[in-house]
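# no sequence on this one, just coordinates:
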């Protein structure tokens with residue numbers, strides 16, 4: 001069997017070591033005679049898996065004790081609705097920094113549900129090629145939280161700062177961040193945030209699991225009457241098990257956390273590797289007259305690298321030849337076109353080297 005290099009934006013590549021371990025444990029988990037997929041989520045065996053996963057994640061991210069970690073379903077998009085339902089139960093408005101498609105979806109969902117919303121900053125005027133300057137962000141006087149997307153997966157735009165802000169009355173505004181496509185790519189200061197959420201299918205594990213890290217003081221503020229499966233307080237009290245959770249995805253996420261700790265050496269080491277991978281690919285793009293990337297250099301994503309060919313008529317040929325060379329899923333999102341190479345944690349450096357070599361060869365032959 002040949003494993004190709006997978007540059008998909010999500011569901012994305014998983015570490016080979018994780019897949020091999022899951023394969024070995026698929027039919028018989030640690031001598032128990034059954035698969036994790038067949039276990040009761042209330043069993044001692046699965047509770048141990050869940051507790052180990054949370055403990056490892058807390059260690060990796062340095063999550064303080066006054067934060068709850070929730071392992072939920074519904075994808076990150078479900079949080080577009082759950083966040084305002086949980087945080088705006090006592091009034092006020094949701095504020096947004098809008099820097100691309102996913103941030104726009106979060107804003108649109110909150111508006112659709114009838115919540116008060118305010119755009120504190122936007123990159124729309126520059127075509128979403130650079131995030132707004134920190135000193136231009138302007139929150140409303142009734143801001144309950146400020147939401148932003150730290151890395152726009154589709155556009156390849158990543159924040160180079162943490163947008164901490166105060167209201168006019170001097171009150172710190174809790175920061176809510178969609179980190180779906182760059183969580184665990186390097187260290188962060190969790191204490192800067194009120195809520196962090198992320199869909200699993202990029203840097204955490206398979207699709208079907210969503211992480212929510214929420215500060216204790218933001219619990220218990222939900223709208224009355226929201227579904228119990230939407231209420232952070234109830235979910236936290238039940239250990240994310242108000243109903244049956246996505247057990248196998250939770251297990252695989254735990255294996256990824258162990259891989260990051262034991263094989264990679266933690267998030268500092270992961271950060272160095274991710275920066276090196278991205279720098280290589282951007283250098284290859286910038287040194288070529290055949291490929292280009294539109295994003296301002298200081299906001300270029302390390303995880304999602306979009307690029308276009310000088311002649312769009314060659315896009316189909318590029319993708320066909322790349323696929324034949326074992327370089328998979330390089331087609332850009334339908335909304336922006338071109339190409340996109342997603343360099344998540346599980347994408348090895350040799351995959352980036354192979355892509356750069358292919359790009360150079362393609363340019364020489366077709367440019």
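Received, thanks. What you see is a predicted model; the values in this text were computed from it and never measured.

# burial count for the closest residue to residue 273 other than its chain neighbours?
Excluding the flanking residues, the one nearest residue 273 by Cβ to Cβ, 6 or more residues apart in numbering is residue 349, at 6.7 Å. Placement of C-beta: from N, CA and C, glycine included. By the criterion of other Cβ atoms under 10 Å, residue 349 has 13 neighbours.

# got it, and residue 210?
Burial measure for residue 210: 25 neighbouring residues, criterion other Cβ under 10 Å.

# report the contact partners of it.
71-76, 78-79, 197-200 (Cβ atoms under 8 Å, 6 or more residues apart in numbering).

# let's see 7 Å
Taking Cβ atoms under 7 Å, 6 or more residues apart in numbering as the definition of contact, the neighbours of residue 210 are 72-76, 78-79, 197-200.

# quick one, phi/psi of it?
Per-residue torsions, residue 210: phi -130, psi 130 (degrees, to the nearest 10).

# please name the bridge partners of it.
Going by DSSP bridges, residue 210 is paired in beta bridges with residue 72, residue 199.

# what about it, distance to residue 96?
20 Å (Cβ to Cβ, to the nearest Å).

# all strands of this structure, in order?
Under the criterion DSSP state E, the chain carries strands at the ranges 5-6, 67-72, 93-98, 117-122, 143-149, 151-152, 157-158, 175-178, 195-199, 210-215, 291-292, 304-309, 327-328, 339-342.

# pLDDT on the last one, on average?
Yep, that's strand 339-342 we're talking about. Model confidence over strand 339-342 averages 98 on the pLDDT scale.

# was I right to think the residue nearest to residue 273 contacts residue 277?
Yes - proximity of residue 349 to residue 277 meets the contact threshold set by Cβ atoms under 7 Å, at 5.6 Å.

# list the contacts for residue 153?
Residues in contact with residue 153 (Cβ under 7 Å, 6+ apart) are 9, 102, 180-181, 304.

# swap in 10 Å and give it another go.
With contacts defined as Cβ atoms under 10 Å, 6 or more residues apart in numbering, the neighbours of residue 153 are 9-10, 12, 100-102, 178, 180-182, 199, 202, 301, 303-304, 306, 333, 340, 342.

# common neighbours of residue 349 and residue 277, please.
Residues touching both residue 349 and residue 277 by Cβ under 10 Å, 6+ apart: residue 343.

# residue ranges of the helices in this structure, please?
Remark: helices assigned in the chain by DSSP state H are 16-25, 44-61, 75-87, 101-112, 232-237, 247-259, 267-286, 315-324, 349-366.

# got the buried residues for stretch 341-356?
Along stretch 341-356, the positions that meet the burial threshold by neighbour count (16 or more other Cβ atoms under 10 Å) are 341-348, 351-352, 354-356.

# what's the neighbour count on the residue lying closest to residue 360 once chain neighbours are set aside?
Once flanking residues are discounted, residue 360 sits nearest to residue 284: 7.1 Å by Cβ to Cβ, 6+ apart. Counted with other Cβ under 10 Å, the neighbours of residue 284 add up to 19.
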